[in-house]
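1. sequence and predicted structure below; questions after.
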Protein chains: 2
Amino acid sequence: MLKLSKLTDYAVVALVRLGQKSEVTTSPVLSRSTGIPEPTVAKVLKILATQGIVSSQRGARGGYRLARPLEEISIAAVIQAIDGPISLTTCVDGGDCDARSTCGLGGQWDMVNAAIRHALSAITLADMKNHTVTDRLGGLHVPPMPDGPEATA
Amino acid sequence: MLKLSKLTDYAVVALVRLGQKSEVTTSPVLSRSTGIPEPTVAKVLKILATQGIVSSQRGARGGYRLARPLEEISIAAVIQAIDGPISLTTCVDGGDCDARSTCGLGGQWDMVNAAIRHALSAITLADMKNHTVTDRLGGLHVPPMPDGPEATA
DNA sequence: CATAATTGGACCAGAACAGTACTGTTTCCT
DNA sequence: AGGAAACAGTACTGTTCTGGTCCAATTATG
């Protein structure tokens, strides 16, 4: 379906929320403020920590914090952190393709991959937060939450 | 992994090959000329027929034929035919998202989806064929990719 | 009209993913 | 110090989806 994993979706949500507060935040708090199940959000944060997207603080009073400002994190980076490399086909450069000699289109997919990657790299998490481009949202859309309507959990 | 199904890859290969002959072609013939297993190529063509990408002729002496010239078929169309709609998340407009009220980013993904769709719509099957870099099959070299074929509209 | 060729649709097996749970390590607070 | 809180890593389970196979409907041909 050419859809990215739900984990990635969660990652973006959590990261945007995380970018709205400067102090470290724990998984349970993030879970409550985003609506994502606690184990899942914990898993996502864990992965993001290993990829350097967020920095973690262990121990009591620990939590997670954005390693970079939202403006510096592209959607592509998040996708690559969670879902792995962005390669539409297995026929990428270096990949093994048994029908390579007969398929006739060499590595044309690289062009497509590059296009996708470029489009995804141009959008940052800040773009996801600032509702700049999207007034055309016909449906229900959420008010731009002032600042953490939870935090006092 | 943000990769599309192998079926889609096969579809592109089969379509490009199909575009190189004007008469109707059967699945077995296409299988032999592409290297794709017969049942698989048959399945792919079947799906493409239902989506109107190719026209089919049942019965003896039947086969498949391109419904549109290669130049008129975009990669996006093929992907949508095989993999379904291009929607990176389930949170698209009209989709059901239980965490919609809390995720905080309304339908920002639509912007990302649109970017992807645009990038994919700009590449046609003719672009996949016409290509001059098919000479280096064994090597891994990325085609000229200045800044993305067309992603910045 | 019978036969053969070919598409059309349904079915089944395998893998990949999402989600959950558990255990271990680290750090703060009392 | 001792206990509690929170991250880190691993393992497991259930579900979904892709990929592949088989049988039925259809049509030209002899």
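-> Structure's in. What do you need?

2. how about the strands in chain A?
-> Listed in chain order, the strands found in chain A under DSSP state E are A:54-57, A:63-66.

3. could I get the pLDDT score of the residue positioned nearest the centre of chain A?
-> Among the residues of chain A, the smallest C-alpha distance to the mean C-alpha position (CA atoms, centre = their mean) belongs to A:Val78, namely 3.4 Å. A:Val78 is assigned a predicted lDDT (pLDDT) of 96.

4. not counting sequence-adjacent ones, nearest residue to it?
-> In space, and not counting its chain neighbours, A:Val78 is closest to A:Ala11: 5.3 Å by CB to CB, 6 or more residues apart in numbering or on different chains. For glycine as for every other residue, the C-beta is placed from the backbone atoms N, C-alpha and C.

5. can you dump the C-alpha atoms of stretch A:2-12 in PDB for me?
-> Listed next in PDB are the C-alpha coordinates belonging to stretch A:2-12 (Å, rounded to 0.1, in the frame of the first residue of the first chain):
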ATOM      1  CA  LEU A   2       3.000   2.200   0.000                       C
ATOM      2  CA  LYS A   3       2.300   3.200   3.500                       C
ATOM      3  CA  LEU A   4       4.900   3.500   6.200                       C
ATOM      4  CA  SER A   5       4.600   1.600   9.400                       C
ATOM      5  CA  LYS A   6       2.400   2.800  12.200                       C
ATOM      6  CA  LEU A   7       5.400   3.000  14.300                       C
ATOM      7  CA  THR A   8       6.700   5.800  12.200                       C
ATOM      8  CA  ASP A   9       3.500   7.600  12.500                       C
ATOM      9  CA  TYR A  10       3.700   7.400  16.200                       C
ATOM     10  CA  ALA A  11       7.300   8.500  16.100                       C
ATOM     11  CA  VAL A  12       6.300  11.700  14.300                       C
END
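
6. can you list the buried residues in that stretch?
-> Residues of stretch A:2-12 classed as buried under the neighbour-count rule (16 or more other CB atoms under 10 Å in any protein chain shown) are A:Leu2, A:Lys3, A:Leu4, A:Ser5, A:Leu7, A:Thr8, A:Asp9, A:Tyr10, A:Ala11, A:Val12.

7. what do you get for stretch A:48-66?
-> Within stretch A:48-66, the residues that qualify as buried by neighbour count (16+ other CB under 10 Å) are A:Leu48, A:Ala49, A:Ile53, A:Val54, A:Gly63, A:Tyr64, A:Arg65, A:Leu66.
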